[in-house]
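# Sequence and predicted structure below; questions after.
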Amino acid sequence: MPELPEVEFAARALRRWLEGRRVASAQAPPSRIFRGSEREAFLRRLPGTRLTWVERRGKILLLGFTENVGVLSHLGMTGKWIRVPKGAPPPSHVRASLELDDGEKVVYRDPRLFGRLAVHPADALLDLPEVRALGPDPLVDGIDPEALHARLARSGRPVKVAIMDQGVIAGIGNIQATEALFRAGLHPARPASSLTLAEARRLVDAIRASIEDTLVAQGDGDSIVYVEEDRSQDPFRIYGRAGTPCPRCGTPLEKLELGGRTSVFCPRCQPL
DNA sequence: ACGGATGTTCGCGC
DNA sequence: CGCGCGAACATCCG
């Protein structure tokens, strides 16, 4: 389920769950989330360590443990970190788990196996090529409207495709792109290079607002989340609502496909 | 039963 | 090099 807000949510949860505890043991059946010998590294290196820090860059989670052990976690499409209290039944599709010294478990569930876990030296995590390749993170770095405008000016791609490029802005996926473009009043198929500086400013503000609203909707505790529990109360204004009335003007929302992803938009509020 | 889904990567062709 | 397209991955949900 992960775009930036959900990955941020996972980062905050992992801090709470792992802080101050020792990893007693690690388990992981062979699966695609590990490449090469990453699984063996995970099983060998994690036991005995303690979490020292958690960072997020875009959709990438970075966990620093003692003994300079670092874990990179990408949640793919269906990855999720879950706390399993002592004695509670584990969820299905668990691909990796850390048993803590108090008997609690923190597990990584990923039914579709699109996610990835990798082990690196903790002090090298932020310098990994895939992390360096990311554009600015809206929460960590903030988005500079003029820099975004300049970057978009170089691309003829649809603006929606451009802002989902992790090298342009880190962490924007189909939901946040759809929501932000609606808030900014920009048609998703507008050529990126056609945006004025004023429109880029509106887009930056809309991205921030959309992310903030999604974070708020997720709450702050271990409690759950509109997002998957109750579609009718999810925090999204137009995502997944093609055919229903635009919340601003009542015109039926339409959809089109861009870059292989469904894009919902209001033909009146987001004119081409 | 069928179609679509919050992501990434790779190969192919223009 | 930029860009678009389709496929692949494996499962769940309506």
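Thanks, I have the structure now.
# thinking A:E6 is in contact with A:Q218, fair?
Yes - with contact defined as CB atoms under 8 Å, A:E6 and A:Q218 form a contacting pair (7.1 Å). (Each C-beta comes from the backbone N, C-alpha and C, glycine too.)
# Going by neighbour count, list what's buried in stretch A:77-87.
Buried residues in stretch A:77-87, defined by neighbour count with 16 or more other CB atoms under 10 Å: A:G79, A:K80, A:W81, A:I82, A:R83, A:V84.
# Now do the end-to-end distance for it.
Using CA to CA, to the nearest Å, the end-to-end distance of stretch A:77-87 comes to 28 Å.
# pLDDT on that stretch, on average?
Per-region confidence: stretch A:77-87 scores 94 on mean pLDDT.
# mind checking how far that stretch is from the chain centre?
Relative to the chain's own centre, stretch A:77-87 is displaced by 16 Å; criterion: CA atoms, centre = their mean, to the nearest Å.
# Equivalent analysis for stretch A:194-202, please.
Taking mean C-alpha positions (CA atoms, centre = their mean), stretch A:194-202 and its chain are 25 Å apart.
# same check, this time on stretch A:86-94
So, by CA atoms, centre = their mean, the centroid of stretch A:86-94 is 23 Å from its chain's centroid.
# Run through who's touching that stretch.
A:I82, A:V84, A:S97, A:D102, A:G103, A:E104, A:K105, A:V107, A:Y108, A:R109, A:D110, A:P111 (CB atoms under 8 Å, 6 or more residues apart in numbering).
# A:L272 versus the last one, what's the distance?
Pointing back at A:P111 there. Distance of A:P111 to A:L272, given as CB to CB, to the nearest Å: 38 Å.
# and if you look at the second one?
To A:L272, A:V84 is 49 Å away according to CB to CB.
# contacting residues around the residue lying closest to A:P121 once chain neighbours are set aside?
Once flanking residues are discounted, A:P121 sits nearest to A:N68: 5.1 Å by CB to CB, 6 or more residues apart in numbering. By CB under 8 Å, 6+ apart, the contact set of A:N68 is A:P121, A:A122, A:D123.
# try 10 Å
Residues near A:N68 by CB atoms under 10 Å, 6 or more residues apart in numbering: A:R45, A:T49, A:T52, A:H120, A:P121, A:A122, A:D123, A:A124.
# can you list the weak-confidence ranges in the stretch 101-250 of chain A?
Segments of the stretch 101-250 of chain A classed as low confidence (criterion: pLDDT under 70) are A:219-233.
# How about the residues of it by DNA strand C?
A:P111, A:R112, A:L113, A:F114, A:R154, A:S155, A:G156, A:R157, A:P158, A:V161, A:R231 (CB under 7 Å from any atom of the strand).
# What is the nearest of the buried residues of stretch A:77-87 to DNA strand B?
Within these, proximity to DNA strand B (CB to the nearest atom of the strand) peaks at A:G79, which comes in at 8.9 Å.
# doesn't A:L61 make contact with the closest one?
Yes - here A:G79 reaches A:L61: they are 9.4 Å apart, a contact under CB atoms under 10 Å.
# quick one: the strands in the stretch 1-150 of chain A?
Ranges of strands within the stretch 1-150 of chain A are A:23-27, A:51-57, A:60-65, A:69-74, A:80-84, A:94-100, A:105-109, A:116-121, based on DSSP state E, counting those that start in this stretch.
# nearest to DNA strand B, of the ones you listed?
Using CB to the nearest atom of the strand and comparing these, the one that lies nearest DNA strand B is strand A:69-74, at 6.1 Å.
# which helices and strands sit right next to the closest one?
In terms of contacts (3 or more CB pairs under 10 Å, 6 or more residues apart in numbering; DSSP states H and E), strand A:69-74 is packed against helix A:4-18, helix A:38-45, strand A:51-57, strand A:60-65, strand A:94-100, strand A:116-121, helix A:129-132.
# Could you export the ones you listed as JSON lines, including distance to A:D205 and mean neighbour count?
As requested, these are arranged in JSON lines below (distance: least, CB to CB, whole Å; neighbours: other CB atoms under 10 Å):
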{"stretch": "helix A:4-18", "distance to A:D205": "16", "mean neighbour count": "21"}
{"stretch": "helix A:38-45", "distance to A:D205": "39", "mean neighbour count": "17"}
{"stretch": "strand A:51-57", "distance to A:D205": "21", "mean neighbour count": "19"}
{"stretch": "strand A:60-65", "distance to A:D205": "25", "mean neighbour count": "22"}
{"stretch": "strand A:94-100", "distance to A:D205": "38", "mean neighbour count": "22"}
{"stretch": "strand A:116-121", "distance to A:D205": "32", "mean neighbour count": "20"}
{"stretch": "helix A:129-132", "distance to A:D205": "26", "mean neighbour count": "12"}
